[in-house]
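*Asks:* Next input, structure requested:
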Amino acid sequence: MIARTTFPSRPEQSRGNVVQFTGPRQVEVASHESAELPPGHLRVRTRYSGISAGTELTAYRGTNPYLTRTWDAGARLFRDGAAGIEYPVAGWGYSEVGEVTEVSPELVGRPGVPASGDLVWGSWGHRSEGIVPVERMTGHTLPSGLELLAGAFARVGAIAYNAVLAADIHVGEDVAVFGQGVIGLLTTRLAQLNGARVTAVDALDGRLATARSYGATHALDARTDAVAERIREATDGAGADVAIEISGACPALHEALRSVTVGGRVVASGFYQGDGAGLRLGDEFHHNRVQLICSQIGGVPPQLAGRWRVERLQRTFLALVAEGRVDVSGLVSHVVPVAEAADAYALLDEHPADAFQVVLSF
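*Replies:* Okay, the predicted model is just below:
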């Protein structure tokens, strides 16, 4: 389990720091003045902030669509001609845990609002302190008995949970999970808890070994195994009922489409970049009438919107961790001081086989 970490009390800092990308594969930790707390907000001193090896690396590498196009929120379309964001890109990150150090006076004592000194989880980016609206922090006190570092998994756990809900898994069904990074391993575990027989697929041996400990019945090497054929052999020729693709690689999405049964379902939960090389929609997708569903953490599956919200996904996932039903302690491979953030991104970019969850410490 995660070792409990205690922190000595420290005086309030007049300056803070934030991780930013100044260009493709260029990282710096910038210093800034600590802002005053506006009404309706809390100030949180960051303890740990988890790096997303998917979303954040798109900004680090320069492949994120916002860097070349603009998202039109009203039309729900990307528009060519201008970039939605430009370098420096500051404060990315959505998996933070820390200590409340200041509460706007009118919020003190309000039910559900964390108090000064409480340990909380949320999303405020890779910065030494977050000034966060109260509506994003209500009910975000760390569950009793949950180790501090585990709180940094609320958002990544919710992404995995959302994909499993979109998959609509039933007890005894065969489910293939493509990609066994941190979110993929959590997806494997949650699918297994949902009653599935899980086949884990990845191109890294270490991840496949870990996938078995997270509940996978079978593990296939995407480099050497004929994945779709092996899955069909294991299911009497039918194919998997569901495949969840969470690596963000278009060839993996194509193999997921090849792996499911006629009328089967594929949940695309990765953040795909570029023009989709390797994805052929005239092949098995077309001939087997496969359902292709997108899962994205901006919302829950439409059929569940009356009962589920992203907030519930996060809280429920942390409750499962607190109950011991999902283990996140073994997923943290590196805890890196924020001053060495550039090294952390280079590790994830250049040596993915050597890292699982990389966490910045403040």
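*Asks:* where does this structure dip in pLDDT?
*Replies:* Flagging of the chain using pLDDT under 70 yields the residue ranges 1-14.
*Asks:* give me that answer again for 50
*Replies:* Judged against pLDDT under 50, the low-scoring parts of the chain cover residues 1-13.
*Asks:* List the neighbouring strands of the helix or strand hosting Gly98 plus their orientation.
*Replies:* Using DSSP states H and E, Gly98 falls within strand 96-103. When pairing is defined by DSSP bridges, strand 96-103 lines up against strand 41-50 (antiparallel), strand 119-122 (antiparallel).
*Asks:* which of the ones you listed sits most buried?
*Replies:* Neighbour counts (mean count of other Cβ atoms under 10 Å) averaged over each of the strands paired with strand 96-103 peak at strand 41-50, with a mean of 24. C-betas here are computed from N, CA, C, even on glycine.
*Asks:* what sits against Arg43?
*Replies:* Contacts for Arg43 (Cβ atoms under 8 Å, 6 or more residues apart in numbering) come out as Leu37, Val100, Thr101, Glu102, Val103, Glu129, Gly130, Ile131, Val132.
*Asks:* want to try TSV for those, with neighbour count and distance to Leu186 as columns?
*Replies:* Formatted as TSV, those follow (neighbours: other Cβ atoms under 10 Å; distance: Cβ to Cβ, whole Å):
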residue	neighbour count	distance to Leu186
Leu37	15	34
Val100	22	27
Thr101	17	30
Glu102	16	33
Val103	22	32
Glu129	22	28
Gly130	24	24
Ile131	18	29
Val132	22	24
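*Asks:* Looking at these, which one is closest to Ser52?
*Replies:* Gly130 (16.4 Å; Cβ to Cβ).
*Asks:* Which parts of the stretch 201-350 of the chain are strands?
*Replies:* Defined through DSSP state E, counting those that start in this stretch, the strands belonging to the stretch 201-350 of the chain, from first to last, are 218-221, 240-245, 260-268, 291-294, 332-337.
*Asks:* Looking at those strands, spot the one closest to Arg110.
*Replies:* Arg110 sits nearest to strand 332-337 of all the strands of the stretch 201-350 of the chain, at 33.5 Å, using Cβ to Cβ.
*Asks:* got the domain boundaries for the protein?
*Replies:* Each structural domain of the chain that the record assigns through automatic domain parsing is listed here as a residue range: 15-142+328-361, 156-304.
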